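> could you work out the structure for the sequence below:
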Amino acid sequence: MAASAATRKAFSSILLPTLAAGSTFAANFNVNTTSASASADNTASSARAKELLNRQKAVKLKTRMTAIGKFSLKTETPTNPSVPCFFLALATKPGTNAGALEGHAESGKIENSHSQVRTGSSPLTPAEFEQTWLESKMHEKHPRFHSKVTPCENFFEPITTSRTGAEMEVPGSENVASLRDHISETLHMNVYRQDLKSRIEKLVTSAMDVNNKLWEVQISSGDLGSSGSISRKRSQEIVKEYDDHGAVHFGDSKPKETVLLFRCHHSLGDAVSLVAALGDLLDEAVEIREKIKAEIKRRRDKKNKRNVLHKLLAFLQRLIWLLFGSITVLMRQGYLMFTTKKNPFCAVLNKTQQELDLLAETLGRSVSWCDIAPVDEAKHIAKTLGGRKATVNDVFVSCVTAAVARQLAEHRKNAGSTLHPGDNNSSSSEVDFQDHFNVVIPAHLTGGILPPGRSVGNLIGAFVARVPGEMEHATRPSERLALVHQSLDVVKRSPAPIVSYCIARFASPWLPQYWATRLFQRGSANSAVAITNSRGYEEKVHINGSTVESMAGFIPLPPGLPVGVVVQSYGSKISLSVNAEKWAVPDADQFLGWILEEYQLLCKESALKSQQ
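Below you'll find the model as predicted:
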C-alpha cells in the first residue's frame, strides 16, 4: 500500500558529538584512542576516557521524524496539546507465586520473555518497572522511547545523560540513566476516582517539552479499588476470589493495585503503535508476537495462492477504488465543510470559537471512564438491530451521538433559564435545532496491529461522517443506530483515511504553522465529537505476575473539536473513556451515564426482537 510505504523512515547523516577531554576534538571525531588511554593517570581520567570510547562506539544516529509526527507538533496549541494519556491498572494478590505463573505458562496462557519472573506478591515498583523495561529490550526494539526531538523539530536523536564512573563500568547503564527522567513514583490516589480524574485532566492539558523527552509514566500503589482505576464491582470480585482461595494463609495482607499513568507526545507514535509497543513489556509478549506472525503468514499464504490474473485484477480494482474513491472523498469532505458553518456546541451556546477557546483556558477538561458491556453482547446488538454488516463501533457511535444530543439540549435549557424576558440577548436562546452533526472517526491504516519488528510510529488517518443529531420526534434507539450505520458504512468503504493521511503528509513540510493548524481545524468540518475504536487483548494480560485488570486511554483533542471518546475492548469487555472541554461537557460522568442509558435501551430492544 502506498500509505504504508510512505511511512518508511529515512536515516539522516550520522551525528557525532563534539567533546572536550583535555583538548578540542574536530567534528569528524578523529580521535587517537591510544593516546587517550595513555593519558589516564588516575581513576577519574580513566573513567572519562572509557566514557569517551563508549560514545565513540555508540554512534548516534538522528532519525527523521514521520510527517504525521511533525504535523502533530505543528498543529498543537496551548489549550490543545497533542498529548495522549492512558493508564494501566494492575491488581496484585498476596501469595501469588512463581509456580502458579509457571503453571499458566505450561498451559499456554503465559509465555514470559523476561529473564526473571517476579512472584507478583507485592505491587510493582518503579525500580521493577525499570528492570522489566530493560529485560524486555525496549531500548533496542523501540529506540524512539529513548529519544527526543531536535530543536529544528525534524529529527529524533538519542537522549544523552551523564553517568558516574561506577555506572560507566556497567554495560547498558546509559539506557538506565535515560529512563530515570521518564519514570516517577507518586502518592497513590485516596479519593475514589476524583484524584485520578484530576491528574488526568491536568496531564491532557499540559504541554510536553519534546526537546527533553517524549513520554513519562507516574507509578503509584495502594489498596485495591482505592483510586477508581479498577471499579468497585471488579475490586469486590477480586477480593472474593482471593478469599475463596485461602487468604487466611497470608495473614492480614490484602490485594493491592498499581496504577501506571502514562502520557506521551503524539510525535512519538499513534495510539495503536504505542499500545502494541508496550505489549513487549507483558509476560505474554512472546505468545502475542507469535500469534501476530501466524496471522500475517496466513494472510500472505492466502494471497500467494492467487494466480497472476487474479493478482492483476485485484491490483486494478484497488487502483480504481483509490482513484475514483479519492475524488468522491474530497467532494464529500468539501460538502461537509461548506454546509457546516458552525460547531453545534458553538451554535447552541451562541458563542464564537475564539470565545470558547478563552473559556477552555479557564475551565480546563472533564474526563471519565467506565466498563460498559461484554464484547459478545455488543456484537449481538449490532447484528440484531443494525443488520449483518453493523459493527460494535456503529453501536457506540450511535450511543455517543445520542449523548451529544442530550448535552446540546441541556445547554439550550440552561441558556433559556439564565435569560429574562427583558434581556436584549433573549434571542440567543432561539438557536437552530441540531438535527444532524458531524463526527470524526480516526482509523489506523494497518488495521490496528503493529507487525513484529516494526517500531512505534504514526500511520493513522481519519474520516468525517454526518450522523443524526437531535431528532425532532421520539424515535427508538434502533432507528438512530440504523441511520448511523448507513452514514458510517459509506465512508468506511472509501479511501478517506488514506486521503487524510496523505494531506497531512503534504501539509507537514510545506505549510506554515498557522495554515497547518487552520487546515487541521477546518478538516474536522466543525464536528461535535471524535470517536476512536481501540481493539485490545481478548484475554487479560500480566506484567511481572500482576494482572492488568483495566486500561483506559484519553484521546488528545485537536483545535476546535470539543469532545473525544475512546471505545476500547480488553479482556472480553468494552470500556469507554471521555475527554472533553468543560465548557462543552461540564460533567463527563453524566455524559458517560447518558451513553450507558442509550446502550441499555438498545439492549432492551435487542432482547425483545430476539424473543419475536
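> list the contacts for the residue most central in space within the chain?
Centroid-nearest residue in the chain, with CA atoms, centre = their mean: Ala271, separated by 3.2 Å. Counting by CB atoms under 8 Å, 6 or more residues apart in numbering, Ala271 touches 84, 86, 460, 532, 534, 553, 555. Just so you know, the C-beta spots here come from the backbone N, C-alpha and C atoms, and that holds for glycine as well.
> list the buried residues in the helix or strand encompassing Gln590.
Element membership for Gln590, per DSSP states H and E: helix 588-611. Judged by neighbour count using 16 or more other CB atoms under 10 Å, the buried positions of helix 588-611 are 588, 591-592, 594-596, 598-599, 601-603, 605-606.
> same deal with stretch 574-593?
Within stretch 574-593, the residues that count as buried by 16+ other CB under 10 Å are 574-586, 588, 591-592.
> can you flag which of the residues you listed belong to strands?
Among the buried residues of stretch 574-593, the ones falling in strands (DSSP state E) are 574-581.
> where in the stretch 451-600 of the chain is pLDDT low?
The model of the stretch 451-600 of the chain has pLDDT under 70 over residues 452-453, 473-474.
> for the stretch 51-200 of the chain, what spans make up the helices?
Counting by DSSP state H, counting those that start in this stretch, residue ranges of the helices within the stretch 51-200 of the chain are 67-75, 98-106, 126-135, 138-141, 165-168, 173-179, 194-203.
> gap between the last one and the chain center?
Translated: helix 194-203. Distance of helix 194-203 from its chain centroid, counting by CA atoms, centre = their mean, to the nearest Å, is 17 Å.
> any idea which helix or strand comes after that helix?
strand 215-223.
> give me the contacts around that next one.
In contact with strand 215-223 (CB under 8 Å, 6+ apart) are residues 123-126, 129, 145, 181-190, 199, 227, 254, 256-265, 268.
> can you tell me which of these are buried?
Judged by 16+ other CB under 10 Å, buried ones among the contacts of strand 215-223: 123-124, 126, 129, 145, 182-183, 188-189, 199, 227, 256-265, 268.
> among these, which lie within strands?
Counting by DSSP E, the buried ones among the contacts of strand 215-223 contribute 183, 256-264 to strands.
> farthest pair within these?
Lys256 and Cys264 (26.1 Å; CB to CB).
> Gln513 contacts Ser72, correct?
No - using CB atoms under 8 Å, Gln513 is not in contact with Ser72; the gap is 12.0 Å.
> those two: who's more crowded?
Ser72 (27 against 12; other CB atoms under 10 Å).
> got a pLDDT number for the more buried one?
Turning to Ser72, the model gives it a pLDDT of 90.
> repeat that for Lys254.
78.
> with Thr547 as the reference, measure out to it.
For Lys254, the distance to Thr547 equals 15 Å [CB to CB, to the nearest Å].
> so what's Ser455 closest to, chain neighbours aside?
Once flanking residues are discounted, Ser455 sits nearest to His142: 4.8 Å by CB to CB, 6 or more residues apart in numbering.
> contacting residues for the one you found?
Going by CB under 8 Å, 6+ apart, the list of residues near His142 reads 277, 280, 455-456.
> so which of those residues is the most crowded?
Val456 (24 neighbours).
> how about that one, phi and psi?
phi -60, psi 150 (degrees, to the nearest 10).
> roughly how far apart are it and Pro94?
Going from Val456 to Pro94 by CB to CB gives 35 Å.
> where along the stretch 201-350 of the chain do the helices fall?
Under DSSP H, counting those that start in this stretch, the stretch 201-350 of the chain gives helices at 232-244, 271-278, 285-304, 308-339, 344-349.
> could those go into TSV alongside distance to His436 and mean pLDDT?
Listed next are those as TSV, based on distance: least, CB to CB, whole Å; pLDDT from 0 to 100:
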stretch	distance to His436	mean pLDDT
helix 232-244	37	83
helix 271-278	28	81
helix 285-304	38	85
helix 308-339	10	92
helix 344-349	9	91
